[in-house]
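**Student:** All I have is the shape, not the residue letters:
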């Protein structure tokens, strides 16, 4: 089953409070496969649906990464990508707007891209808010109302 969400529903999912009961180290607990390091955690909701946080980074290019927040409805095995924070490793083109850029960028799910039959998170904007995968994760945590329960906010990314 494929999802279709309006912009209002997308915004509600993004702003909904999400509490992860672990630490940022748990989120960044990578496994290496096929030239990448990957991590995935789930934040379960009371209604049986869940949010998924996925991280992927190329082992040979530190700027080739994605930090993804997805939503999976109850009884569904498809993930709807709400946000994707990408590294500076490729050119991105917004098909509707026609603008192109090669920089760190944040993808956002939109109703209008879905209406054209494109990937929900096809729209993207350049950003200077992060320069690595840890910074991208921090931005996603801030932007998407995620609380990492066992990490004090001040020390979120200290080694």
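**Tutor:** Thanks, I have the structure now. Just so we're clear, the structure is a prediction, and the values are computed from it rather than from any experiment.
**Student:** all helices for this protein, in order.
**Tutor:** 7-15, 24-27, 111-115, 133-143 (DSSP state H).
**Student:** How far away from the center of its chain is the second one?
**Tutor:** So the one you mean is helix 24-27. Helix 24-27 has its C-alpha centroid displaced from the chain centroid by 15 Å (C-alpha atoms, centre = their mean, to the nearest Å).
**Student:** just stretch 95-113 next, same as before
**Tutor:** 14 Å.
**Student:** ditto for stretch 72-91
**Tutor:** In this view, stretch 72-91 has its centroid 6 Å away from the chain centroid, taken as C-alpha atoms, centre = their mean.
**Student:** what stretches of this protein score poorly on pLDDT?
**Tutor:** The chain contains residues with pLDDT under 70 at 1, 152-159.
**Student:** farthest residue from the center of it?
**Tutor:** residue 98 (23.1 Å; C-alpha atoms, centre = their mean).
**Student:** Show the backbone phi and psi for that one.
**Tutor:** The phi/psi pair for residue 98 (degrees, to the nearest 10) reads phi 80, psi 0.
**Student:** what about the residue nearest the centre of the chain, distance to residue 46?
**Tutor:** Within the chain, one residue has its C-alpha closest to the average C-alpha position: by C-alpha atoms, centre = their mean, that is residue 68, at 2.0 Å. Going from residue 68 to residue 46 by C-beta to C-beta, to the nearest Å gives 23 Å. (C-beta placed from N, C-alpha, C; glycine too.)
**Student:** re earlier: can you pull the contacts of the residue nearest to the centre of the chain?
**Tutor:** Shown in contact with residue 68 (C-beta atoms under 8 Å, 6 or more residues apart in numbering): 52-56, 81, 83-85.
**Student:** so what's it closest to, chain neighbours aside?
**Tutor:** residue 54 (4.4 Å; C-beta to C-beta, 6 or more residues apart in numbering).
**Student:** Surely the one you found is in contact with residue 70?
**Tutor:** Yes - Residue 54 is within contact range of residue 70, at 6.9 Å (criterion: C-beta atoms under 8 Å).
**Student:** okay, now the residue nearest to residue 21 when sequence neighbours are not counted: neighbour count?
**Tutor:** Nearest residue to residue 21 in three dimensions, chain neighbours excluded: residue 149, at 5.0 Å (C-beta to C-beta, 6+ apart). The number of residues packed near residue 149 is 9, by other C-beta atoms under 10 Å.
**Student:** Surely residue 149 is in contact with residue 22?
**Tutor:** Yes - if you go by C-beta under 8 Å, residue 149 and residue 22 touch, sitting 7.2 Å apart.
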